[in-house]
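*Asks:* sequence unknown, structure follows:
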Ligand code: SIN
């Protein structure tokens, strides 16, 4: 847009950062996604004077994140990041599926500008509200010269979007990106880089234009004591295209799940092996029919497999292609 000065775009999608409880002492009995983006900004005096354009894209609890919203987000970001005057984007999001959205956006867009997600573990009404500081930090990171890629600014740390995972259900320090760790810290308004900003080959926003109804169906199934193979057989019968199998250790699967996975592979279902362990990824090539996921969490592995299958479906020259 001609004559529009450089600015950040702040996109709100809901989450606890926009949550409201009846009492300030109540950190649990609240509804996520209640405060609008204008209220979020108004609550943070430090943002006054920052050139910021706001947009309320959604107002959800991120446990209900959908592929439709990811598609809308990708289209929005692709258009906005192409504008010279948009120097970066901040996205407020719930913590629960944030790692999936961040991984998805980094793989699809690998943006040369910063796209900084942020969130909160306490609602906006809480005595312990962490959202305002996280929002200020996210804006600081998004205005940092040289910053790029999809990032999470949270609790004083900046994580790469394709490495971060939620590691705690309640505490304020809820995210980690082991083994590499944060790419930067934010201390009193200063960004201290620790390692290079995320780079990568973008799959391209056009991939997400594939009709939603035809997006591959990919589920993740965890191995456990007393595993019942009926779950896998039902997924195959229901027409799932891909399954991520989260093993008990280094990709180890219950014998019932092993046998069901072989049946699924024979039926043409794409399989990826991951781990249910809190950290680490599957090391080595363990099974003929099941590639070990390069990603460190089953949540990331599911998104990676979804994108692989989407790329196959949406590429016209691929034999498995479906015409739109
Ligand atoms: C959500 O993910 O939207 C709710 C939980 C949170 O943001 O911490």
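*Replies:* Yes, it's here. Note that the structure is a prediction, hence the values are computed from the model and not measured.
*Asks:* For the closest residue to the ligand within the chain, list the residues it contacts.
*Replies:* Residue nearest to the ligand within the chain (CB to the nearest ligand atom): residue 94, separated by 1.9 Å. C-beta here means a position set from N, CA and C on the backbone, and glycine is covered the same way. Listed by CB atoms under 8 Å, 6 or more residues apart in numbering, the contact partners of residue 94 are 13-17, 32-33, 60-63, 65, 119.
*Asks:* Got a ChimeraX select line for the buried ones in those?
*Replies:* The ChimeraX selection below is limited to those of those classed as buried (16 or more other CB atoms under 10 Å):
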select :13,14,15,16,17,32,33,60,61,62,65,119
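*Asks:* From the contacts of residue 94, which land in strands?
*Replies:* 13-14, 60 (DSSP state E).
*Asks:* filter those down to the ones near the ligand?
*Replies:* When the ones in strands among the contacts of residue 94 are filtered against the ligand using CB under 6 Å from any ligand atom, the residues retained are residue 14.
*Asks:* how about the ones in strands among the contacts of residue 94 in JSON lines, adding pLDDT and distance to residue 53?
*Replies:* JSON lines is the format used below for the ones in strands among the contacts of residue 94 (pLDDT from 0 to 100; distance: CB to CB, whole Å):
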{"residue": "13", "pLDDT": "98", "distance to residue 53": "16"}
{"residue": "14", "pLDDT": "98", "distance to residue 53": "19"}
{"residue": "60", "pLDDT": "98", "distance to residue 53": "21"}
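*Asks:* Tell me where this protein has helices.
*Replies:* Here the chain has its helices, by DSSP state H, at 37-42, 67-81, 98-109, 131-142, 230-237, 255-266, 298-314.
*Asks:* neighbouring strands for the helix or strand bottoming out on mean pLDDT in the chain, and are they parallel or not?
*Replies:* When each helix and strand of the chain is scored by mean pLDDT, DSSP states H and E, strand 291-292 comes last, with a mean of 82. Strand 291-292 has the following sheet partners, assigned by DSSP bridges: strand 270-275 (parallel).
*Asks:* could you give the angle of the strand it pairs with to helix 230-237?
*Replies:* Counting by axes from the mean of the first three to the mean of the last three CA atoms, to 10 degrees, strand 270-275 lies at 150 degrees to helix 230-237.
*Asks:* Around the ligand, pick out the residues from this structure.
*Replies:* Residues of the chain lying near the ligand (CB under 6 Å from any ligand atom): 14-16, 32, 61-63, 94-96, 119, 121.
*Asks:* try it again with 8 Å
*Replies:* Contact residues, the chain versus the ligand (CB under 8 Å from any ligand atom): 14-17, 19, 32-33, 60-63, 93-98, 119-121, 174.
*Asks:* Spatially nearest residue to residue 86, not counting backbone neighbours?
*Replies:* In this structure, residue 86 finds its nearest non-sequential neighbour in residue 80, 5.0 Å apart by CB to CB, 6 or more residues apart in numbering.
*Asks:* since we're on that neighbour, how many residues are nearby?
*Replies:* For residue 80, the neighbour count with other CB atoms under 10 Å is 18.
*Asks:* quick one, what contacts it?
*Replies:* 9, 86, 89.
*Asks:* at 10 Å instead, please
*Replies:* Each residue near residue 80 by CB atoms under 10 Å, 6 or more residues apart in numbering is listed here: 9, 11, 53, 55, 86, 88-89, 113, 115.
*Asks:* Stretch 300-314: which residues count as buried?
*Replies:* Neighbour counts over stretch 300-314 (16+ other CB under 10 Å) mark 300-310, 312-314 as buried.
*Asks:* coming back round to it: now tabulate the helices of the chain in JSON lines and tack on distance to residue 205.
*Replies:* Output for the helices of the chain, formatted as JSON lines (distance: least, CB to CB, whole Å):
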{"stretch": "helix 37-42", "distance to residue 205": "23"}
{"stretch": "helix 67-81", "distance to residue 205": "4"}
{"stretch": "helix 98-109", "distance to residue 205": "6"}
{"stretch": "helix 131-142", "distance to residue 205": "19"}
{"stretch": "helix 230-237", "distance to residue 205": "29"}
{"stretch": "helix 255-266", "distance to residue 205": "31"}
{"stretch": "helix 298-314", "distance to residue 205": "12"}
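*Asks:* Alright, calling it a day.
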